[in-house]
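Engineer: no FASTA, just this:
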C-alpha cells in the first residue's frame, strides 16, 4: 500500500471553517471505525485527489504520527466545479483492506468483461449491417449495367 496521506486534526467545525480550509488547499475529512471515536481532520486537497483518481480501495493516513489503514466510504463532490468537498474515511484492518481490494479487482474485471462483450456485439452488429447493405446494393448494380448494355446496341443499330 504505497498511497499515504498526512492529516492534521481540525478543531473548528461548520460551514465557515470548511470554506476557509478549502481556500487553504485542504479538504475536510472524518476518520472513524472499529470502535474509535470520530476524528475530524484536514488533508491536502491535491494529494487526496491524486490518490482518489487512481481509484484505490484503501490507503494509509497518518494522524499525529499514528498510521491507520482506511478506505473511503463517502466522497462529496461539488457539482459545478467538481472538487472534493468532504471525505468520510473508515478505518479497516489489513485483512479487510485485502478483501476490499480483491472485491474491487473482481468487480473491475467483470466490468471490463461486460465492456468487451458490448464492444464485440456492436462490432458484429455493424458487420451484419454492412453485409445487408452490400447485398441490397449488389443486385441494383447489375441491373443498371444491363440497362446500359441494352441502350448501347440500340444506338449502334440507329446508325
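Structural biologist: Okay, I see it. Not measured: the values here are computed from a predicted model.
Engineer: mind listing the helices in this structure by residue range?
Structural biologist: Secondary structure of the chain, counting by DSSP state H: helices at 15-23, 45-53, 94-158.
Engineer: so which of those is nearest residue 76?
Structural biologist: Nearest to residue 76 among these is helix 15-23 (10.5 Å), distances taken as Cβ to Cβ. C-beta here means a position set from N, CA and C on the backbone, and glycine is covered the same way.
Engineer: mind giving me the packing neighbours of that closest one?
Structural biologist: For helix 15-23, the packing partners by 3 or more Cβ pairs under 8 Å, 6 or more residues apart in numbering; DSSP states H and E come out as strand 26-33, strand 84-91.
Engineer: TSV for those, including mean neighbour count?
Structural biologist: Below are the helices and strands packed on helix 15-23 laid out as TSV (neighbours: other Cβ atoms under 10 Å):
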stretch	mean neighbour count
strand 26-33	20
strand 84-91	19
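Engineer: now mean pLDDT and distance to residue 118 too, for the ones you listed, in CSV please.
Structural biologist: Formatted as CSV, the helices and strands packed on helix 15-23 follow (pLDDT from 0 to 100; distance: least, Cβ to Cβ, whole Å):
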stretch, mean pLDDT, distance to residue 118
strand 26-33, 89, 35
strand 84-91, 87, 30
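Engineer: distance to residue 9 added to these, as TSV?
Structural biologist: Shown next, in TSV, are those (distance: least, Cβ to Cβ, whole Å):
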stretch	distance to residue 9
strand 26-33	10
strand 84-91	13
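Engineer: follow-up on the earlier one: ranking the helices of the chain by burial, who's on top?
Structural biologist: Stretch with highest mean neighbour count among the helices of the chain: helix 45-53 (a mean of 15; mean count of other Cβ atoms under 10 Å).
Engineer: residues in contact with it?
Structural biologist: 3, 5-6, 22, 25-27, 29, 59, 72, 75, 83-84, 87 (Cβ atoms under 8 Å, 6 or more residues apart in numbering).
Engineer: now that helix: how far from the chain's centre is it?
Structural biologist: Centre-to-centre, helix 45-53 and its host chain are 14 Å apart (Cα atoms, centre = their mean, to the nearest Å).
Engineer: any chance of the helices of the chain in JSON lines with distance to residue 65 and mean pLDDT as columns?
Structural biologist: Formatted as JSON lines, the helices of the chain follow (distance: least, Cβ to Cβ, whole Å; pLDDT from 0 to 100):
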{"stretch": "helix 15-23", "distance to residue 65": "21", "mean pLDDT": "85"}
{"stretch": "helix 45-53", "distance to residue 65": "18", "mean pLDDT": "84"}
{"stretch": "helix 94-158", "distance to residue 65": "19", "mean pLDDT": "74"}
